[in-house]
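A.B. asks: Structure for the following, please:
(2 chains)
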Amino acid sequence: GAGVSQSPSNKVTEKGKDVELRCDPISGHTALYWYRQSLGQGLEFLIYFQGNSAPDKSGLPSDRFSAERTGGSVSTLTIQRTQQEDSAVYLCASSATSLRTGANVLTFGAGSRLTVL
Amino acid sequence: GQNIDQPTEMTATEGAIVQINCTYQTSGFNGLFWYQQHAGEAPTFLSYNVLDGLEEKGRFSSFLSRSKGYSYLLLKELQMKDSASYLCAVRAPHLTFGKGTMLLVSP
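C.D. replies: So this is what the prediction gives:
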C-alpha cells in the first residue's frame, strides 16, 4: 500500500479482555516496529521485526504483550488481560534504507488508540 | 541506557526563527532523527544527521555534535502550520525517542 495502515483506529475495551491490533506495512519494507505513546510521554519502543530474523522483543513491558508478523508483511500486536495502564496510542512503523542518505527512515501509521476501562 | 532530553514547550511568533535543542546520552550511536507530530497524527520524518555538522532542508535545518551529544532543529520563517510536537530520536540500535517539544506558533 501507499502508507502504513493500522486497525482499528480506536478500541475501547474492559479491563481483563484481550485485544489485537493490526499493522499493514508499506509494501517492500522489510523492517517493522511497534511503539506506544501515552499521554504526555515519548514514543516507547516495543518490538522490532527485520526480515526473517528473530524479532527483538526487548521493549515489551510484560508477558501479556506479544506480536507476530506473518509472511514478512502484516503484523499483529496482542495484549492479553488488558490493564488500565495499557491505555495508549499504539503506533506501527515500517522502514527502508534511503539510497541517497543511507538513513533508515521510519514511516508511521496513524496509530490505534486503546482505552481500557 | 538511553536518555534524550528536549524542552517540553516553546512558543514563537509567525515569521520568526526558533531553535529546538536536544541532548542525548546513549550506548552506541547510529544517527539522530527529527520527526514532526501534529496533534492526533502520526509522526513524520523531518531530518537525519549521522555526521557532525548542519543539514539544511528548506526552512528546516538540523545540527549534530556527536562529541557533545547535542543536536538542534532550526525552523525559519515560522508558519502557523508549524505548530506541532517535534521529536528528537537517536538510533542506538533502535530509534529511541525523546518526549518531544510542543511548539506553539502565534500570529
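
A.B. asks: list the helices and strands the helix-or-strand element of chain B with minimal mean pLDDT packs on?
C.D. replies: Of all helical and strand segments in chain B, the minimum by mean pLDDT, DSSP states H and E falls on strand B:95-97, at a mean of 91. If contacts are counted by 3 or more C-beta pairs under 8 Å, 6 or more residues apart in numbering or on different chains; DSSP states H and E, strand B:95-97 sits against strand A:43-50, strand B:84-91. Any C-beta I mention is one placed from the backbone N, CA and C, and that applies to glycine too.

A.B. asks: can you list contacts of it?
C.D. replies: Strand B:95-97 has contacts (C-beta atoms under 8 Å, 6 or more residues apart in numbering or on different chains) with A:33, A:35, A:42-43, A:45, A:106, B:2, B:4, B:26, B:33, B:35, B:87-90.

A.B. asks: rewinding a little: will you turn the helices and strands packed on strand B:95-97 into a markdown table that also has mean neighbour count, distance to A:S62 and mean pLDDT?
C.D. replies: Below are these laid out as a markdown table (neighbours: other C-beta atoms under 10 Å in any protein chain shown; distance: least, C-beta to C-beta, whole Å; pLDDT from 0 to 100):
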| stretch | mean neighbour count | distance to A:S62 | mean pLDDT |
| --- | --- | --- | --- |
| strand A:43-50 | 21 | 11 | 93 |
| strand B:84-91 | 23 | 24 | 95 |
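
A.B. asks: Nearest to A:G3, out of those strands?
C.D. replies: Nearest to A:G3 among those is strand A:43-50 (17.8 Å), distances taken as C-beta to C-beta.

A.B. asks: How is B:K81 assigned, secondary-structure-wise?
C.D. replies: Following DSSP: H, G, I helix; E, B strand; the rest coil, B:K81 is assigned to helix.

A.B. asks: Count the residues that sit near it.
C.D. replies: If you count neighbours by other C-beta atoms under 10 Å in any protein chain shown, B:K81 ends up with 8.

A.B. asks: among the helices and strands packed on strand B:95-97, which is nearest A:Q83?
C.D. replies: strand A:43-50 (15.4 Å).
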